[in-house]
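*Asks:* Predicted model follows, preceded by the sequence.
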Amino acid sequence: MMQNEVRRKSWNMRHLSDRPDRFGPVSRAFHWGMAALFSLQFMSAAAHWALPRDHALRGTLWSYHTDLGLTLFVLVLLRGTWGLWNLRQRPRHAGLVGRAATAGHAVLYLLMVIVPALKILAAAGGTRGLGYLGLTLIPGRETAIDWTKAAAEWHATLGWFLAALLLGHIVMAIGWHRVIKRDDVLSRMV
């Protein structure tokens with residue numbers, strides 16, 4: 001009886017985990033779920049930047065920015081942990097382009113951690129604090145700590161850099177792999 005249960009659990013993990021020829025369902029769910037949330041996140045930032053201050057859409061989208069950002073931060077940490085656990089069985093990137101893809105993915109993950117961490121640092125030293133889904137995570141201070149204002153500026157700058165890299169990631173996946181090379185790289189994640 002015990003051996004059958006161990007086999008069943010092993011079978012379940014094999015089907016959830018990544019394989020050398022394809023990413024597993026957990027990795028794909030993280031990837032596409034985060035892609036959807038990042039789309040919303042960058043739409044909120046673009047609306048905040050481009051629309052007039054009193055525009056209703058600007059305020060509505062911006063009101064979700066922090067909640068989306070913190071949700072993405074948690075998902076990045078979970079996805080990174082899952083990816084490290086599956087590292088040996090994940091699909092490999094070969095050659096010079098493969099090494100560039102690996103480096104590009106590392107920079108993406110690094111920025112997906114640094115950008116929200118900077119906002120958390122800025123909030124810890126700011127007068128507004130930090131909330132998540134209506135809960136206060138970090139209360140606002142009476143007076144801001146001056147040096148944490150730089151963290152807020154870097155959050156915005158690196159956030160746009162992250163958006164540009166994510167756009168490049170999409171262009172490479174569709175333009176290079178799907179249209180030009182016509183290889184199976186994109187299908188590994190679909």
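*Replies:* Alright, I've got the coordinates.

*Asks:* pLDDT below threshold where in this structure?
*Replies:* The chain contains residues with pLDDT under 70 at 1-12, 186.

*Asks:* quick check: longest helix of the chain.
*Replies:* The longest helix of the chain (DSSP state H) is helix 95-124.

*Asks:* neighbouring contacts of stretch 25-39?
*Replies:* Here stretch 25-39 makes contact (C-beta atoms under 8 Å, 6 or more residues apart in numbering) with 15-18, 23, 68, 71-72, 75-76, 78-79, 82-83, 86, 90, 166, 189-190. The way it works is simple: take the backbone N, C-alpha and C, and place the C-beta from them, glycine included.

*Asks:* Could I get the contacting residues of Pro91?
*Replies:* 18-23, 185, 188.

*Asks:* again, only using 6 Å
*Replies:* Taking C-beta atoms under 6 Å, 6 or more residues apart in numbering as the contact definition, Pro91 lies against 20, 188.

*Asks:* What distance do you get for it to Asp184?
*Replies:* Note on Pro91: its distance to Asp184, by C-beta to C-beta, to the nearest Å, is 9 Å.

*Asks:* what do you get for Ile174?
*Replies:* According to C-beta to C-beta, Ile174 stands 14 Å off from Asp184.

*Asks:* Touching, Ala152 and Ala124? I think so.
*Replies:* No: the criterion here is C-beta atoms under 6 Å, and Ala152 misses it with Ala124 at 11.0 Å.

*Asks:* And for Phe23, the neighbour number?
*Replies:* Other residues near Phe23 come to 21 when the count uses other C-beta atoms under 10 Å.

*Asks:* I'd guessed it sits against Val185; true?
*Replies:* No: here Phe23 does not reach Val185: they are 10.7 Å apart, not a contact under C-beta under 6 Å.

*Asks:* can you give me the strands in this structure?
*Replies:* Applying DSSP state E to the chain gives strands spanning 130-132, 135-138.

*Asks:* May I have stretch 145-156 as PDB, with CA atoms only?
*Replies:* The C-alpha trace of stretch 145-156 is given here as PDB (Å, rounded to 0.1, in the frame of the first residue of the first chain):
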ATOM      1  CA  ILE A 145      13.700  59.300   5.400                       C
ATOM      2  CA  ASP A 146      15.400  61.300   2.700                       C
ATOM      3  CA  TRP A 147      17.600  58.700   1.100                       C
ATOM      4  CA  THR A 148      14.700  56.300   0.500                       C
ATOM      5  CA  LYS A 149      13.300  58.800  -2.000                       C
ATOM      6  CA  ALA A 150      16.100  57.600  -4.400                       C
ATOM      7  CA  ALA A 151      14.700  54.100  -4.100                       C
ATOM      8  CA  ALA A 152      11.300  55.300  -5.400                       C
ATOM      9  CA  GLU A 153      13.000  57.000  -8.300                       C
ATOM     10  CA  TRP A 154      15.000  53.800  -9.100                       C
ATOM     11  CA  HIS A 155      11.900  51.800  -8.800                       C
ATOM     12  CA  ALA A 156      10.300  53.800 -11.600                       C
END
